[in-house]
Structures are given as structure tokens and as C-alpha cells.
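J.: What would the 3D arrangement of this be:
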Amino acid sequence: MEKKVLMAALVIIGVVVLIAGCYSILNSKNRSNEYVFVEHYVETQGFLADDPEVNAYVYMGYPTYNSTTSQNLLKATWFPPLNKSLRVMLGNGKGIGKEGCHGGEMYLYGAYELPYKKDNITIKRVDRKGTVYLDYNGESLVLNPGDIWYNNSSRIEIIHFTNSTVDENVKVNISVMDRIRNFGIFTKGLD
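T.: The predicted structure follows:
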């Protein structure tokens, strides 16, 4: 009697393991065709401290990529290699001027092995849901897909300004909006 109970238990356990294995294989996503898109963006605005209606800015290059979050689509003028080992696409950009509209630079970097370090960001790991675990300027951050981390600051600087009619020091109020955003899981389009 004990042998029959033991055999029945082993058969049931075997069937459960077989069903769980088949379910896992049939319902697993092909992670080699996906990556997580994370963006670090710093926007700097400058206004004359004595006349806040006057912008103080310089022109920069133009953005090289943009993302469509509704379709999880990343469009760029240049991509790092999209291969099966790509884990994270890091957008790193900055904008200068009122609301960053007077110029910006944005570059893409591919993280093929984790941890990945670029300047003052270290992407430590990414989980299956697209949550990113990273360090930024020594601070540990955990960003789920759609999460945004902000750090806003401001300062006043004396800047020497020269043009054809002016050669003087001006007081500039500079505000900086520093943000990191996890856009979530995107498809590489390899299939």
C-alpha cells in the first residue's frame, strides 16, 4: 500500500513539474529581442538676475534620438549595435535655454554587460519587469518602468559677457533640472 501511495505521489509531482515546465517555455518572452531604455537628461536655463525676462543661453547641437512611449519605439540617427546581448540602451542628453528649446545634445550608449558605467551613472542590474537598479552620483536608485527621478537646483553666477557693444560681467540665475527616466522595455526588432 505504501508503494502505491509513493508511486502515485511521484507521478503527480512529475506531472506538475512537466506542466509547469511546458507553461514556462510556452509563456516566456524572448528577452534576447528586448532591452530597457533609460534616459538621463539635464536641462539648464539661464536668466539675467537683474532682468528675468532676458534669457542667457548658448546654442548646442540637435537631439539625435526621440522615443515614442505609446509604441515603445526608439528612433535615432545612430544606434549602438542592436544584438542579442544588448541589455540597456542609455540615453544621455542635455539641453540649454528656456525649456531646453534653444539646443540640446542627446547620445545613445548600449550596455551589453551589467554593471555598466557611463560618467556618473552605473546601471547595476535590470529585472524581468524592466525595473532598473542604478547608482547616480553615489545615490542608489530603483526605477520601475515609467518612473522618473528628479533633482532640481539653482545658483547665481557672475559671467563675463562680450559682444560688439557690451563687455561686462553679468549676474545670471542658472536653474538645473536633472532627471533620470525609465521608459521600460523596448523591442530590438531582431526577429
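
J.: okay, now Glu139: neighbour count?
T.: A count of neighbours around Glu139, defined by other C-beta atoms under 10 Å, yields 10. For glycine as for every other residue, the C-beta is placed from the backbone atoms N, C-alpha and C.

J.: do Lys84 as well
T.: 11.

J.: how about the nearest residue to it, chain neighbours excluded?
T.: Using C-beta to C-beta, 6 or more residues apart in numbering and skipping residues adjacent in sequence, the residue nearest Lys84 is Ser32, 4.2 Å away.

J.: do Phe183 as well
T.: Nearest one to Phe183, counting by C-beta to C-beta, 6+ apart, is Phe37 at 4.2 Å.

J.: helix/strand/coil for the residue nearest to Lys84?
T.: Per DSSP: H, G, I helix; E, B strand; the rest coil, the local secondary structure of Ser32 is helix.

J.: Extract the C-alpha set from the lengthiest strand in the chain and format it as PDB.
T.: In the chain, with assignment by DSSP state E, the single longest strand is strand 167-187. The C-alpha coordinates for strand 167-187 follow below in PDB (Å, rounded to 0.1, in the frame of the first residue of the first chain):
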ATOM      1  CA  ASP A 167      32.000  94.000 -22.400                       C
ATOM      2  CA  GLU A 168      30.900  93.500 -18.800                       C
ATOM      3  CA  ASN A 169      30.200  91.000 -16.000                       C
ATOM      4  CA  VAL A 170      26.600  90.000 -15.700                       C
ATOM      5  CA  LYS A 171      24.800  88.200 -12.900                       C
ATOM      6  CA  VAL A 172      23.000  85.100 -14.300                       C
ATOM      7  CA  ASN A 173      20.400  83.000 -12.400                       C
ATOM      8  CA  ILE A 174      21.000  79.400 -13.500                       C
ATOM      9  CA  SER A 175      18.500  76.600 -12.800                       C
ATOM     10  CA  VAL A 176      19.200  73.000 -13.500                       C
ATOM     11  CA  MET A 177      16.700  70.200 -13.800                       C
ATOM     12  CA  ASP A 178      18.400  66.800 -13.600                       C
ATOM     13  CA  ARG A 179      16.200  63.700 -14.400                       C
ATOM     14  CA  ILE A 180      16.600  60.000 -15.000                       C
ATOM     15  CA  ARG A 181      13.600  58.200 -16.600                       C
ATOM     16  CA  ASN A 182      13.000  54.500 -17.100                       C
ATOM     17  CA  PHE A 183      11.000  54.300 -20.300                       C
ATOM     18  CA  GLY A 184      10.600  50.500 -19.800                       C
ATOM     19  CA  ILE A 185      11.100  47.500 -22.200                       C
ATOM     20  CA  PHE A 186      11.600  48.200 -25.900                       C
ATOM     21  CA  THR A 187      11.900  45.700 -28.800                       C
END
